[in-house]
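K.L.:
show me the folded form of this:
(2 chains)
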Amino acid sequence: GAVVSQHPSRVICKSGTSVKIECRSLDFQATTMFWYRQFPKQSLMLMATSNEGSKATYEQGVEKDKFLINHASLTLSTLTVTSAHPEDSSFYICSARDPAGQSHTEAFFGQGTRLTVV
Amino acid sequence: SQKIEQNSEALNIQEGKTATLTCNYTNYSPAYLQWYRQDPGRGPVFLLLIRENEKEKRKERLKVTFDTTLKQSLFHITASQPADSATYLCALDLTGGSYIPTFGRGTSLIVHP
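P.N.:
Okay, here's the model as predicted:
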(Lines give C-alpha, C1' and ligand atoms only; values in the text may rest on other atoms or scores of the structure.)
Protein backbone atom coordinates (compact mmCIF):
# COMPACT_ATOMS: atom_id res chain seq x y z
CA GLY A 1 0.00 0.00 0.00
CA ALA A 2 0.91 3.65 -0.21
CA VAL A 3 3.18 5.15 2.43
CA VAL A 4 2.60 8.31 4.44
CA SER A 5 5.48 9.52 6.59
CA GLN A 6 4.99 11.88 9.51
CA HIS A 7 7.70 13.71 11.42
CA PRO A 8 8.54 14.10 14.24
CA SER A 9 7.06 11.13 16.07
CA ARG A 10 7.41 12.86 19.43
CA VAL A 11 7.94 16.46 20.44
CA ILE A 12 8.01 18.26 23.75
CA CYS A 13 7.77 22.02 23.72
CA LYS A 14 7.37 24.87 26.14
CA SER A 15 4.08 26.63 26.53
CA GLY A 16 3.83 29.59 24.16
CA THR A 17 6.11 28.20 21.48
CA SER A 18 5.15 26.86 18.06
CA VAL A 19 5.61 23.37 16.72
CA LYS A 20 5.60 22.21 13.11
CA ILE A 21 4.58 18.69 12.08
CA GLU A 22 5.30 17.38 8.59
CA CYS A 23 3.31 14.85 6.62
CA ARG A 24 4.69 13.40 3.39
CA SER A 25 3.24 10.99 0.86
CA LEU A 26 6.27 8.96 -0.20
CA ASP A 27 5.16 7.09 -3.28
CA PHE A 28 2.11 8.93 -4.53
CA GLN A 29 0.84 12.43 -5.05
CA ALA A 30 -1.79 13.58 -2.61
CA THR A 31 -3.82 16.60 -3.62
CA THR A 32 -5.69 16.26 -0.35
CA MET A 33 -4.41 15.34 3.08
CA PHE A 34 -6.25 15.19 6.37
CA TRP A 35 -5.20 16.13 9.89
CA TYR A 36 -6.66 14.36 12.92
CA ARG A 37 -6.22 14.74 16.66
CA GLN A 38 -6.68 11.89 19.11
CA PHE A 39 -6.92 12.16 22.90
CA PRO A 40 -6.29 9.06 25.05
CA LYS A 41 -8.96 6.40 24.61
CA GLN A 42 -10.89 8.66 22.26
CA SER A 43 -11.62 8.44 18.56
CA LEU A 44 -9.69 10.29 15.90
CA MET A 45 -11.26 13.69 15.38
CA LEU A 46 -10.86 15.34 12.01
CA MET A 47 -9.36 18.80 12.40
CA ALA A 48 -8.97 19.95 8.84
CA THR A 49 -8.66 18.98 5.22
CA SER A 50 -5.47 20.20 3.59
CA ASN A 51 -5.74 21.08 -0.10
CA GLU A 52 -2.67 21.44 -2.28
CA GLY A 53 -2.26 24.98 -3.49
CA SER A 54 -5.25 26.39 -1.63
CA LYS A 55 -6.53 27.10 1.83
CA ALA A 56 -7.31 24.32 4.23
CA THR A 57 -10.86 23.52 5.23
CA TYR A 58 -11.27 23.44 9.00
CA GLU A 59 -13.84 21.49 10.97
CA GLN A 60 -16.20 23.33 13.26
CA GLY A 61 -14.55 24.35 16.51
CA VAL A 62 -10.98 24.15 15.21
CA GLU A 63 -9.14 27.46 15.34
CA LYS A 64 -7.54 28.13 11.97
CA ASP A 65 -5.20 30.75 13.40
CA LYS A 66 -3.91 28.32 15.99
CA PHE A 67 -3.52 25.31 13.74
CA LEU A 68 -1.85 26.57 10.58
CA ILE A 69 -1.89 24.19 7.64
CA ASN A 70 0.26 24.54 4.56
CA HIS A 71 0.05 22.17 1.59
CA ALA A 72 2.64 23.64 -0.72
CA SER A 73 3.34 20.56 -2.82
CA LEU A 74 1.62 17.37 -3.88
CA THR A 75 3.62 15.34 -1.38
CA LEU A 76 3.91 17.58 1.67
CA SER A 77 1.48 19.08 4.15
CA THR A 78 2.50 20.76 7.39
CA LEU A 79 0.57 21.49 10.55
CA THR A 80 1.92 24.21 12.82
CA VAL A 81 0.53 24.46 16.32
CA THR A 82 1.08 28.10 17.23
CA SER A 83 1.44 29.41 20.78
CA ALA A 84 0.99 25.92 22.13
CA HIS A 85 -0.59 25.36 25.53
CA PRO A 86 -0.79 22.23 27.69
CA GLU A 87 -4.34 21.57 26.50
CA ASP A 88 -2.94 21.18 22.96
CA SER A 89 -1.03 18.11 24.13
CA SER A 90 -2.38 15.26 22.05
CA PHE A 91 -1.63 12.71 19.34
CA TYR A 92 -1.76 14.32 15.89
CA ILE A 93 -2.13 12.10 12.84
CA CYS A 94 -2.19 12.91 9.16
CA SER A 95 -3.64 10.81 6.38
CA ALA A 96 -3.97 10.85 2.64
CA ARG A 97 -5.66 8.92 -0.11
CA ASP A 98 -4.02 7.84 -3.31
CA PRO A 99 -6.51 8.99 -5.94
CA ALA A 100 -4.71 7.05 -8.64
CA GLY A 101 -4.50 3.87 -6.58
CA GLN A 102 -6.70 0.83 -6.88
CA SER A 103 -8.51 1.58 -3.67
CA HIS A 104 -9.27 5.26 -3.70
CA THR A 105 -11.41 4.96 -0.58
CA GLU A 106 -8.59 3.61 1.56
CA ALA A 107 -6.96 6.19 3.80
CA PHE A 108 -3.24 5.83 4.55
CA PHE A 109 -2.09 7.21 7.84
CA GLY A 110 1.18 8.58 9.10
CA GLN A 111 2.81 7.24 12.24
CA GLY A 112 1.40 10.07 14.32
CA THR A 113 3.08 12.78 16.41
CA ARG A 114 2.84 12.82 20.18
CA LEU A 115 2.89 16.49 21.23
CA THR A 116 3.49 17.34 24.86
CA VAL A 117 3.35 20.98 25.89
CA VAL A 118 4.94 21.72 29.25
CA SER B 1 -26.41 13.90 14.99
CA GLN B 2 -24.50 10.97 13.58
CA LYS B 3 -23.09 8.55 16.05
CA ILE B 4 -20.70 5.62 15.76
CA GLU B 5 -20.62 3.30 18.73
CA GLN B 6 -18.02 0.71 19.58
CA ASN B 7 -17.76 -1.13 22.86
CA SER B 8 -15.39 0.87 25.04
CA GLU B 9 -14.61 -2.10 27.24
CA ALA B 10 -11.62 -4.18 26.22
CA LEU B 11 -12.32 -7.61 24.80
CA ASN B 12 -10.17 -10.32 26.37
CA ILE B 13 -10.03 -13.70 24.65
CA GLN B 14 -7.86 -16.78 24.61
CA GLU B 15 -5.50 -17.52 21.76
CA GLY B 16 -7.14 -19.63 19.05
CA LYS B 17 -10.65 -18.36 19.72
CA THR B 18 -12.68 -16.10 17.45
CA ALA B 19 -12.85 -12.44 18.42
CA THR B 20 -16.01 -10.54 17.49
CA LEU B 21 -16.16 -6.76 17.64
CA THR B 22 -19.24 -4.64 17.08
CA CYS B 23 -19.80 -1.30 15.43
CA ASN B 24 -23.22 0.35 15.57
CA TYR B 25 -24.20 3.61 13.95
CA THR B 26 -27.27 5.83 14.01
CA ASN B 27 -28.89 8.49 11.90
CA TYR B 28 -27.05 7.72 8.69
CA SER B 29 -27.00 5.34 5.74
CA PRO B 30 -23.36 5.04 4.69
CA ALA B 31 -22.38 3.72 1.31
CA TYR B 32 -19.59 1.73 2.93
CA LEU B 33 -17.92 1.00 6.24
CA GLN B 34 -14.23 0.46 7.00
CA TRP B 35 -12.27 -1.28 9.72
CA TYR B 36 -8.82 -0.17 10.84
CA ARG B 37 -6.27 -1.49 13.29
CA GLN B 38 -4.39 0.90 15.59
CA ASP B 39 -1.44 -0.07 17.75
CA PRO B 40 -0.44 2.11 20.74
CA GLY B 41 1.29 5.31 19.66
CA ARG B 42 0.79 4.57 15.97
CA GLY B 43 -1.54 5.71 13.21
CA PRO B 44 -4.40 3.46 12.06
CA VAL B 45 -3.85 0.83 9.39
CA PHE B 46 -6.62 -0.01 6.93
CA LEU B 47 -7.93 -3.58 7.09
CA LEU B 48 -11.19 -4.00 5.22
CA LEU B 49 -13.94 -2.08 3.47
CA ILE B 50 -17.46 -3.38 3.00
CA ARG B 51 -20.08 -1.69 0.84
CA GLU B 52 -23.76 -1.28 1.62
CA ASN B 53 -24.75 -3.89 -0.95
CA GLU B 54 -22.35 -6.47 0.49
CA LYS B 55 -23.40 -8.66 3.37
CA GLU B 56 -20.01 -10.14 4.13
CA LYS B 57 -16.34 -9.62 3.25
CA ARG B 58 -13.37 -11.86 4.06
CA LYS B 59 -9.63 -11.39 4.07
CA GLU B 60 -7.47 -14.20 5.43
CA ARG B 61 -8.55 -14.62 9.09
CA LEU B 62 -10.73 -11.52 9.03
CA LYS B 63 -14.43 -11.38 8.30
CA VAL B 64 -16.71 -8.35 8.28
CA THR B 65 -20.49 -8.30 8.04
CA PHE B 66 -22.66 -5.29 7.33
CA ASP B 67 -26.35 -5.17 8.23
CA THR B 68 -27.80 -1.91 6.98
CA THR B 69 -31.19 -2.69 8.54
CA LEU B 70 -29.71 -3.11 12.02
CA LYS B 71 -27.13 -0.39 11.24
CA GLN B 72 -24.42 -2.67 12.51
CA SER B 73 -21.15 -4.18 11.40
CA LEU B 74 -19.45 -7.14 13.02
CA PHE B 75 -15.70 -7.70 12.74
CA HIS B 76 -14.42 -11.23 13.32
CA ILE B 77 -10.86 -12.50 13.76
CA THR B 78 -10.70 -16.28 13.63
CA ALA B 79 -7.90 -18.33 15.19
CA SER B 80 -6.81 -15.23 17.09
CA GLN B 81 -3.17 -14.74 18.04
CA PRO B 82 -1.49 -12.52 20.66
CA ALA B 83 -0.17 -10.43 17.74
CA ASP B 84 -3.77 -9.51 16.96
CA SER B 85 -3.91 -7.51 20.21
CA ALA B 86 -4.62 -3.91 19.25
CA THR B 87 -7.43 -1.37 19.06
CA TYR B 88 -9.83 -1.85 16.18
CA LEU B 89 -11.65 1.16 14.77
CA CYS B 90 -14.65 1.27 12.52
CA ALA B 91 -15.12 4.23 10.25
CA LEU B 92 -17.88 5.60 8.07
CA ASP B 93 -17.91 8.21 5.38
CA LEU B 94 -20.49 10.63 6.73
CA THR B 95 -19.81 13.23 4.04
CA GLY B 96 -21.84 11.57 1.34
CA GLY B 97 -19.05 10.49 -0.95
CA SER B 98 -16.03 12.60 -0.10
CA TYR B 99 -14.32 9.54 1.35
CA ILE B 100 -13.35 11.26 4.58
CA PRO B 101 -13.72 8.62 7.31
CA THR B 102 -15.33 9.44 10.64
CA PHE B 103 -14.09 7.08 13.31
CA GLY B 104 -15.59 5.33 16.28
CA ARG B 105 -13.47 5.37 19.44
CA GLY B 106 -12.40 1.78 18.89
CA THR B 107 -12.43 -1.42 20.90
CA SER B 108 -9.28 -2.79 22.46
CA LEU B 109 -8.69 -6.50 21.81
CA ILE B 110 -6.35 -8.47 24.06
CA VAL B 111 -5.51 -12.01 23.02
CA HIS B 112 -4.00 -14.07 25.81
CA PRO B 113 -1.54 -16.86 25.01
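K.L.:
could you use CA atoms for every contact and neighbour count after this?
P.N.:
Will do.
K.L.:
so what touches the worst-scoring helix or strand of chain A on mean pLDDT?
P.N.:
The weakest-scoring helix or strand in chain A, judged by mean pLDDT, DSSP states H and E, is strand A:107-109 (a mean of 86). The contact list for strand A:107-109 (C-alpha atoms under 8 Å, 6 or more residues apart in numbering or on different chains) reads A:2-4, A:93-98, B:43-46, B:101.
K.L.:
got TSV for those, with pLDDT too?
P.N.:
Below are these laid out as TSV (pLDDT from 0 to 100):
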residue	pLDDT
A:Ala2	74
A:Val3	89
A:Val4	93
A:Ile93	97
A:Cys94	96
A:Ser95	93
A:Ala96	90
A:Arg97	79
A:Asp98	74
B:Gly43	93
B:Pro44	93
B:Val45	92
B:Phe46	90
B:Pro101	82
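K.L.:
who wins for neighbours among those?
P.N.:
Highest neighbour count within the contacts of strand A:107-109: A:Cys94, with 32 neighbours (other C-alpha atoms under 10 Å in any protein chain shown).
K.L.:
that one contacts A:Met33, doesn't it?
P.N.:
Yes. Assessed by C-alpha atoms under 8 Å, A:Cys94 is found in contact with A:Met33 at 6.9 Å.
K.L.:
so what's B:Asn7 closest to, chain neighbours aside?
P.N.:
Of all residues not flanking B:Asn7 in the chain, B:Thr107 sits nearest, at 5.7 Å (C-alpha to C-alpha, 6 or more residues apart in numbering or on different chains).
K.L.:
cool, B:Arg42 as well?
P.N.:
Nearest to B:Arg42 is A:Gln111, by C-alpha to C-alpha, 6+ apart, at 5.0 Å.
K.L.:
what's near enough to touch that neighbour?
P.N.:
Per C-alpha under 8 Å, 6+ apart, neighbours of A:Gln111: A:Val4, A:Ser5, A:Gln6, A:Ser9, A:Ile93, B:Gly41, B:Arg42, B:Gly43.
K.L.:
and the furthest pair within those?
P.N.:
A:Val4 and B:Gly41 (15.6 Å; C-alpha to C-alpha).
K.L.:
would you check how far apart the residue nearest to B:Asn7 and A:Ser9 are?
P.N.:
24 Å (C-alpha to C-alpha, to the nearest Å).
K.L.:
if you count what's nearby, which of the two comes out ahead?
P.N.:
B:Thr107 (24 against 19).
K.L.:
quick check: the more buried one touching B:Ala19?
P.N.:
No. Using C-alpha under 8 Å, B:Thr107 is not in contact with B:Ala19, being 11.3 Å away.
K.L.:
can you give me the strands in chain B?
P.N.:
Assigned by DSSP state E, the strands in chain B fall at B:3-6, B:11-14, B:19-26, B:32-38, B:45-51, B:56-59, B:62-67, B:72-77, B:86-93, B:101-103, B:107-112.
K.L.:
deepest of those, which one?
P.N.:
Using mean count of other C-alpha atoms under 10 Å in any protein chain shown, the stretch among the strands of chain B with the largest mean neighbour count is strand B:86-93, at a mean of 24.
K.L.:
that strand: how far from the chain's middle?
P.N.:
Counting by C-alpha atoms, centre = their mean, to the nearest Å, strand B:86-93 is centred 5 Å from the centre of its parent chain.
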